[in-house]
Structure formats: structure tokens, C-alpha cells
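J.: Sequence and predicted structure are below.
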Amino acid sequence: METKQVFDAVANKYDLMNDIMSLGTHRYWKECLIDWLKPYPGMNIIDVAGGTGDISRRFLKRVHGNGKATICDPNSNMLKNGSNNIDVYEDCISRTCAFAENLPFENELFDAYIVSFGIRNFTDIQKGLDEALRVLKPGSRFMCLEFSKLENSSLAKLYEKYSLIIPKIGKLVVGDEAPYQYLVDTIERFPSQEKFSTMIKRAGFKDVEYRNIFNGVVAIHSGWKN
Ligand SMILES: C[S@@+](CC[C@H](N)C(=O)[O-])C[C@H]1O[C@@H](n2cnc3c(N)ncnc32)[C@H](O)[C@@H]1O
């Protein structure tokens, strides 16, 4: 299944499925990312693979609308579904339909580049990271929230079992297993915390570090542009 077909298939139930499959915990994981970002008034962020715009809305809530968020995603259905969730801070949001590997923005424009549950879908992750560095202002930050590798092997086995039922839940809620089999496969293929840190450094980011949440079910990576 192609990435575009995957997200076309789930776009109108995307937010609901997120809640069901993560048992609501994606909300907590995203808040952890925003905590670590430490948003400040006037901050201008790009929310890449932003989909329905959950991260942008959380960021704008923290700065009480005193900031700017650009949601960038190649899937117009995901963007459209997000724009239906009209929000008090809608005026602070702009939406751009584009791939992370080729961002239609000038150099050194943003104070933070955020990608949440999106980078494992990039066709070329390293190219996406190079683009992240290009569009960030010097002294600003890259942050990525993504499914990752569990530290504890017994928990990893349990998680593997849970992964087997994810496509079945997908079938029940959106009527199709394939997009959720794609989800499981991309999570499996995604590099470990350490390997991904190396890729971020290779792109030119400094002071790269990561924090595991729930033993590494997800990890947040952070890096700085000099
Ligand atoms: C799982 S959703 C994440 C949405 C949102 N960021 C969140 O945390 O809920 C993944 C998004 O990645 C987007 N995507 C897929 N390939 C991409 C690429 N090459 N560049 C940017 N976004 C991409 C999809 O269209 C989809 O909206």
C-alpha cells in the first residue's frame, strides 16, 4: 500500500483511531514533546507531516495564540480534515501541502521544526533531516516524536503481540486492515533510538539527545542547529 493511499483511507477517522490504538496515551506523549520544546511567545514553528494538526494546536494553546504554526503535509485530505476542527487559534495556523524531503520554504525561517509520528513515513529520512536543518534559524531546534524500540525484552514481546491485533482494530473502526498493517511495518523498520540519533547528527544537528517514554514505546529526539 502506498503512503498516500494509507492516509487517504484513514483521514476522516485519523484522530479517533489514534485515541483507540494508543488508549489515549498519544495525548500524553504529545504533551511531553511540547513540555520539552518549552514554547515561548512569538515562536514560529513548522509541524512537518502535521496531518490534522494536533501538535500545532497543542503548541498554540501553550502560547495562548501568541505564535505561528505552519502545518505541512503532502496529503490534502489529512490537512482538510484538520481544518474542519476549527480552533480558537485558527488565525495562527497556515497549511502547506508538501513533502518533507522538499519543503517549499526559504532557508532559516523557523524557530522549531517538529515532526510527530511522521518521520517513519518519509521516503528519504536523511533528506528530510537535511531539509529540517535548512529551514531552521541558527540556534533553533529539531524535535521528533516517533514510535521506537522498547528497552525491556519482556515488554517488547508483549508489544509484539499487541502489534498483531492493531490491523484487526483498524478493520473494526475504519473497515480496512491494510493501513494499520502499514503502521506496524513502518514501526518495525524504523531505526533504534541510537541509530536515529546518528542520522540526526549526520544532518548537522548538535547536542542530539533523546528521551524514552513508556520504556521506549515512543521516543522524543531533540537536536540543535548551530
Ligand atoms: C501518522 S500521521 C501523523 C500526524 C500528526 N503529526 C500526529 O502526530 O498525529 C503521518 C503523516 O505523515 C504524512 N507523510 C507521509 N509521507 C510524508 C512525507 N514524505 N513528508 C511529509 N509528510 C509525510 C502523512 O500524509 C500523514 O499525514
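T.: Cool, the structure landed.
J.: Spell out which residues of this protein are next to the ligand.
T.: Listed as neighbours of the ligand in the chain under the rule CB under 6 Å from any ligand atom: 3, 7, 18, 48-51, 54-55, 73-75, 78, 99-101, 116-118, 121-123. For glycine as for every other residue, the C-beta is placed from the backbone atoms N, C-alpha and C.
J.: what bits of the chain have low per-residue confidence?
T.: 1 (pLDDT under 70).
J.: ranges for the strands of it?
T.: Under the criterion DSSP state E, the chain contains strands at 43-48, 67-72, 93-96, 110-116, 136-147, 206-213, 218-224.
J.: if we can go back for a sec, which of the residues of the chain next to the ligand count as buried?
T.: 3, 7, 18, 48-51, 54-55, 73-75, 78, 99-101, 116-118, 121-122 (16 or more other CB atoms under 10 Å).
J.: Would you mind confirming that Gly118 makes contact with Gly51?
T.: Yes. Counting by CB atoms under 8 Å, Gly118 does reach Gly51; the two are 7.3 Å apart.
J.: Now for these two: what residues contact both?
T.: Asp73 (CB atoms under 8 Å, 6 or more residues apart in numbering).
J.: ok, Leu164 to the ligand distance?
T.: From Leu164 across to the ligand, the span is 20 Å (CB to the nearest ligand atom, to the nearest Å).
J.: count of residues packed around that residue?
T.: Applying other CB atoms under 10 Å, we find 9 residues neighbouring Leu164.
J.: Could you export the strands of the chain as a markdown table, including distance to Pro179?
T.: Below are those laid out as a markdown table (distance: least, CB to CB, whole Å):
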| stretch | distance to Pro179 |
| --- | --- |
| strand 43-48 | 20 |
| strand 67-72 | 21 |
| strand 93-96 | 22 |
| strand 110-116 | 18 |
| strand 136-147 | 15 |
| strand 206-213 | 24 |
| strand 218-224 | 19 |
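J.: Just want the residue of this protein that's nearest the ligand.
T.: When scored by CB to the nearest ligand atom, the chain has Gly51 as its residue closest to the ligand, at 2.9 Å.
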